[in-house]
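Trainee: the amino acid sequence is not available; the structure is as follows:
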Ligand SMILES: N[C@@H](CCC(=O)N[C@@H](CS)C(=O)NCC(=O)O)C(=O)O
């Protein structure tokens, strides 16, 4: 039995997608990012005080990429070939942090630091150009649908809300549409961590 500690953010969405792909039973515990991530109970679960965390067999596993990889290996589902690893690590080390920093400096920070916004915006756009050309001749990041697609989709499915025009990146938007059709993705996108509830997903169905 798995328990996912998370919130309504891209890194928790990645793990939700994988759990629904695997069709395994899990429960969820909401960790609202209103300061709850710093409380004593959650700090014991993850000393890094970040979501998501997957609990299983007396383990608490943090880092969304590590969780995807662990589940893929445990259930022997979805390729872990070198290309999958490359794009998963790229998402974890480059795309996620750059987008997170862009959101912070552009939308959340009180002081608008022009240099920081420019740096992260330029890199965010360069990454879009990279992925657009990468998807020109293939349907998924590493040929077949994989944990790398789950990781990137969790961030890129909201691109339009950030003002990114589908006409500018047709291959990326075709990939988003393709991935969005998967039943596991639909279920994960419908899922909401709620402050007031603790749910056992499988038992609800
Ligand atoms: N590299 C980590 C990043 C985790 C992370 O930054 N999680 C965010 C939500 S997406 C969080 O918990 N933020 C709370 C905070 O920074 O205080 C992962 O992929 O799991």
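Mentor: Perfect, I can see it now. What you are looking at is a predicted structure, and each value in this text was computed from that prediction instead of being measured.
Trainee: and the next element down the chain from the lengthiest helix in the chain?
Mentor: The helix that spans the most residues within the chain, counting by DSSP state H, is helix 114-134. Next along the chain after helix 114-134, taking DSSP states H and E as the criterion, comes helix 147-156.
Trainee: what does that next one rub up against?
Mentor: 10-11, 13-14, 17-18, 21, 64-65, 68-69, 72, 78, 80, 83-84, 86-88, 91-92, 95-96, 99, 131, 140-142, 172, 175-176, 179-180, 185 (C-beta atoms under 8 Å, 6 or more residues apart in numbering). In this view, the C-beta of every residue, glycine as well, is placed from N, C-alpha and C.
Trainee: buried subset of these?
Mentor: By neighbour count, with 16 or more other C-beta atoms under 10 Å, these hold 10-11, 13-14, 17-18, 21, 64-65, 68-69, 72, 78, 80, 83-84, 87-88, 91-92, 95-96, 99, 131, 140-142, 172, 175-176, 179, 185 as buried.
Trainee: what about those, which are in helices?
Mentor: Short answer: these in helices (DSSP H) are 10-11, 13-14, 17-18, 21, 64-65, 68-69, 72, 83-84, 87-88, 96, 99, 131, 172, 175-176, 179, 185.
Trainee: so which of those reach the ligand?
Mentor: Among those, proximity to the ligand is found for 10-11, 64-65 (C-beta under 6 Å from any ligand atom).
Trainee: tell me the residues of the protein that contact the ligand?
Mentor: Within the chain, the positions adjacent to the ligand are 9-11, 33, 37, 50-52, 63-65 by C-beta under 6 Å from any ligand atom.
Trainee: make TSV from those and add pLDDT and distance to residue 104 to it.
Mentor: Shown next, in TSV, are those (pLDDT from 0 to 100; distance: C-beta to C-beta, whole Å):
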residue	pLDDT	distance to residue 104
9	97	13
10	98	14
11	98	15
33	92	13
37	94	16
50	97	14
51	97	16
52	98	19
63	98	20
64	98	18
65	98	20
